[in-house]
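# Any chance you can model this:
(one chain, ligands or ions: 1)
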Amino acid sequence: MPVITRRDLLAGAAALGLTAGLSVESAKAQNRRFRFVHATDMHMQPTLGAEEGIRQAVRRILSLDPRPDFVLTGGDNISNGMSLSRADALAMFGKLEEAYKPLEMPVHHCIGNHDVYAWFSKDDAQRKEPDFGKKMFQDRFVRAPLYRAFDAGEWRFILLDSIAPAEGSYRGWIDDEQLQWLKGEVERVGRQRPILICTHIPLFTIYTQYAIGGVEATPANLIINNNRQVYEILKGYNVKAVLQGHTHVREECEYAGTRYITSGAVCGEWWTGPRLGVDPEGFSVFDVEGENLRWQYVSYGWKARSRPS
Ligand SMILES: [Zn+2]
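Below you'll find the model as predicted:
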């Protein structure tokens, strides 16, 4: 029978202590790792198989291994909300709700210009409806302020509402109330914690240069017009990335330590094929470990239909 000495007991305890220590460490490391999907520009519409396409994208999200902890939608959940009748807008939002239902993880929605109901309507009665404008999307999908923030591990995720009315149209703009809130929010978060921002209309992009031409100015509806104001608020904070939609292309630019990532579109070129013949229908998967962020674009294999269905 082996004799157990006091020394053996101490060594055993130390080993146990070490093991316990390690498991706490690995639990911490686990906490510092998470995965999420940024799926933007779904454009639910009655034609071109959009509903089937979105359902296919949802199935692909669910088949990811490891499974994402949550999904961020980047705006333009439906198509043409600004000029739809009430019945048609409700029908599209209804179809979308059904399509998103199988997602068993939290889904955080960001608003896009197409999600705004009836802004282009000249009908006074329609303009007076209680869910006119952003309200319809907000009530059905967000049930909270359209600009807001949440924690993901050590990170703070901030969702912005970048859609503002303009003469007969809309433009990218962060209004004063939201700027004030953003300033307070980053002050509360502090300069150490990593921050990720999600906006539909890009804060910074070079889309115009490669899609239109070198000296073309970026139109007011393609960029947050007061982006410099936003930049000044965020300067000095640990903003790792700004996720953007709207242009449907895949693009990444980095400036002053912040990555400006536009992550394609679920609908590609509005359900007619890859965007500008380059970027297929898809979404982005982000893996976060500590302060590091890696992303990959996942095409879910959609084949555009040759004629409307
Ligand atoms: Zn779009």
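
# Going by C-alpha atoms from here, please, whenever you check contacts or count neighbours.
Will do.

# how about the strands of the chain, start to end?
Along the chain, the segments classed as strands by DSSP state E run 33-39, 70-73, 107-109, 148-152, 155-159, 163-166, 169-172, 195-198, 239-244, 250-255, 258-263, 282-289, 292-299.

# so what strands line up beside the fifth one?
Its sheet considered, strand 155-159 pairs with strand 148-152 (antiparallel), strand 195-198 (parallel) by DSSP bridges.

# got the angle for that strand vs strand 282-289?
150 degrees (axes from the mean of the first three to the mean of the last three Cα atoms, to 10 degrees).

# quick check: angle from strand 155-159 to strand 239-244?
Using the same axes, to 10 degrees: strand 155-159 against strand 239-244 is 30 degrees.

# from the chain's centre, how far out does strand 155-159 sit?
With Cα atoms, centre = their mean, to the nearest Å as the basis, strand 155-159 stands 10 Å off its chain's centre.

# Please apply the same query to the third one.
Average the C-alpha atoms of strand 107-109, do the same for its chain, and the two points are 8 Å apart (Cα atoms, centre = their mean).

# And it, what does it pack against?
Helices and strands touching strand 107-109, by 3 or more Cα pairs under 8 Å, 6 or more residues apart in numbering; DSSP states H and E, are strand 70-73.

# Which neighbouring elements make contact with the strand it packs on?
Looks like strand 70-73 contacts strand 33-39, strand 107-109 (3+ Cα pairs under 8 Å, 6+ apart).

# do that strand and the ion meet at all?
No. Judged by Cα under 5 Å from the ion, strand 70-73 stays clear of the ion, getting no closer than 11.6 Å.

# Of all the strands paired with strand 155-159, which one is nearest the ion?
Closest approach to the ion among the strands paired with strand 155-159 is made by strand 195-198 (14.6 Å; Cα to the ion).

# and the closest one, average pLDDT?
Averaging pLDDT along strand 195-198 gives 98.

# and what of stretch 267-286?
97.

# what's the first-to-last distance across that stretch?
Start-to-end span of stretch 267-286 (Cα to Cα, to the nearest Å) is 19 Å.

# I'd like the strands of the chain as a markdown table, with mean neighbour count and distance to A99 appended.
Putting the strands of the chain into a markdown table (neighbours: other Cα atoms under 10 Å; distance: least, Cα to Cα, whole Å) gives the following:
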| stretch | mean neighbour count | distance to A99 |
| --- | --- | --- |
| strand 33-39 | 22 | 13 |
| strand 70-73 | 20 | 13 |
| strand 107-109 | 19 | 12 |
| strand 148-152 | 15 | 24 |
| strand 155-159 | 21 | 22 |
| strand 163-166 | 16 | 25 |
| strand 169-172 | 19 | 28 |
| strand 195-198 | 24 | 22 |
| strand 239-244 | 24 | 22 |
| strand 250-255 | 15 | 24 |
| strand 258-263 | 24 | 21 |
| strand 282-289 | 22 | 16 |
| strand 292-299 | 15 | 18 |
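
# any chance of these in TSV, with distance to E129 too?
Shown next, in TSV, are the strands of the chain (distance: least, Cα to Cα, whole Å):
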stretch	distance to E129
strand 33-39	30
strand 70-73	26
strand 107-109	23
strand 148-152	25
strand 155-159	26
strand 163-166	17
strand 169-172	19
strand 195-198	29
strand 239-244	30
strand 250-255	37
strand 258-263	34
strand 282-289	34
strand 292-299	39
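
# so which of those strands comes closest to G53?
Smallest distance to G53 across the strands of the chain (Cα to Cα): 10.0 Å, for strand 282-289.
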